[in-house]
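S.K.: quick one: sequence plus predicted model below, questions after.
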Amino acid sequence: MTERALPTWRYGEGATKGSWEGHDLGSDVSGFVVDAAQGEGPSAHTHPYSETFVVLEGRARFRYGDGFIEAEAGAIVVVPPDTAHGFTGIGPGRLRMVTIHASPRMETTWLEGDEVS
């Protein structure tokens, strides 16, 4: 049996964050592995599909539609399609989570200036 290299989500060798698009892998979902410091995270944006956030470590403040919610390790946040959202790590420590886009290709509409703070 021949071994083959498996795909990776890492942005570079040894990276602690990254992304993947399902269409490259024959999957119906795409996503990110997030490793963010306090104050880091993407500004408000939307997707034409739902996005699920699985918080593994740390705490985040999510923009969710017209309001805000806070989530910590163990929480799952689901944002419906076409709903404005973004998040920021609020410490202490780093925010680590996996985000799952319910689409084989990621499509993002940015609502405010810069993409990532």
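M.R.: Thanks, I have the structure now.

S.K.: wait, His47 sits on Glu107?
M.R.: Yes. Proximity of His47 to Glu107 meets the contact threshold set by Cβ atoms under 8 Å, at 5.9 Å. C-beta here means a position set from N, CA and C on the backbone, and glycine is covered the same way.

S.K.: which of these two has more neighbours?
M.R.: His47 (20 against 11; other Cβ atoms under 10 Å).

S.K.: which ones are touching that one?
M.R.: Contact analysis of His47 by Cβ atoms under 8 Å, 6 or more residues apart in numbering lists Val79, Pro81, Asp82, His101, Ser103, Met106, Glu107, Thr108, Thr109.

S.K.: again, only using 10 Å
M.R.: The neighbours of His47, taking Cβ atoms under 10 Å, 6 or more residues apart in numbering as the test, are 30, 79-83, 85, 101-103, 106-109.

S.K.: roughly how far does it sit from Glu57?
M.R.: Distance from His47 to Glu57, counting by Cβ to Cβ, to the nearest Å: 24 Å.

S.K.: now Trp110
M.R.: Distance from Trp110 to Glu57, by Cβ to Cβ: 26 Å.
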